[in-house]
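**Q** Provide a 3D model corresponding to the input given below.
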Amino acid sequence: MLPGPDIPHRQWRVETTLPVAKLGGAALFVALGVYLADGDPVRLGAGALVAAGLLGWGVRDLVAPVRLAVDAEGITVIRGFAGRRHLPWTEIEQIRVDTRPRLGLATETLEIDSGGSLHLFSRYDLGTAPRDVAEVLRTARASRPSGPPGGPPR
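**A** Numbers count the residues shown, from 1 in each chain. Have a look, this model is predicted:
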């Protein structure tokens with residue numbers, strides 16, 4: 001079902017530069033491992049291990065760039081490596097933004113609580129500020145015809 005005029009149909013994805021940086025970092029660690037190994041298999045193995053981690057992380061961003069989507073029925077979140085899970089509005093208990101100081105800067109995390117699971121998204125997952133995404137989700141939730149269960153959205 002397509003969303004009505006008051007319900008936005010939006011999706012948020014990883015910015016293109018992130019997987020490129022991760023894949024470039026993987027290549028850099030392979031090169032450094034080979035260059036610095038000097039016959040030491042531990043150095044070569046450490047470089048290859050870090051490169052494999054970055055490669056997997058970068059491939060995930062390429063295979064499943066959309067982390068979150070909203071429509072009239074609810075939201076769709078990423079699940080596992082590249083799967084999807086649709087959460088109807090009736091299952092969503094809370095949408096909030098957690099702000100914490102880290103290294104002198106405030107970092108935000110979007111939290112979507114569906115009772116049985118908690119879904120966390122950073123700015124890097126969404127490509128924009130989590131507070132802006134939370135506002136769109138709250139608006140969509142409030143705009144749905146039947147309204148949220150148990151009263152107004154939190």
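
**Q** secondary structure element for the residue nearest the centre of the chain?
**A** Geometric centre of the chain, nearest residue: residue 125, 3.3 Å, by CA atoms, centre = their mean. Applying DSSP states H and E as the criterion places residue 125 in helix 123-126.

**Q** Give me the domain ranges for this protein.
**A** 17-63, 66-143 (automatic domain parsing).

**Q** Which one, of these, ends up nearest to residue 10?
**A** domain 66-143 (5.4 Å; CB to CB). Yep, even glycine has a C-beta here, placed from its N, CA and C like the rest.

**Q** Any idea how many residues pack against residue 140?
**A** Look at residue 140: counted by other CB atoms under 10 Å, it has 23 neighbours.

**Q** Quick check: it is in a helix.
**A** Yes. Under DSSP: H, G, I helix; E, B strand; the rest coil, residue 140 sits within a helix.

**Q** my read: it touches residue 73, true?
**A** No. With contact defined as CB atoms under 8 Å, residue 140 does not reach residue 73; the gap is 10.1 Å.

**Q** right, and residue 36 touches residue 43 too?
**A** Yes. Counting by CB under 8 Å, residue 36 does reach residue 43; the two are 5.4 Å apart.
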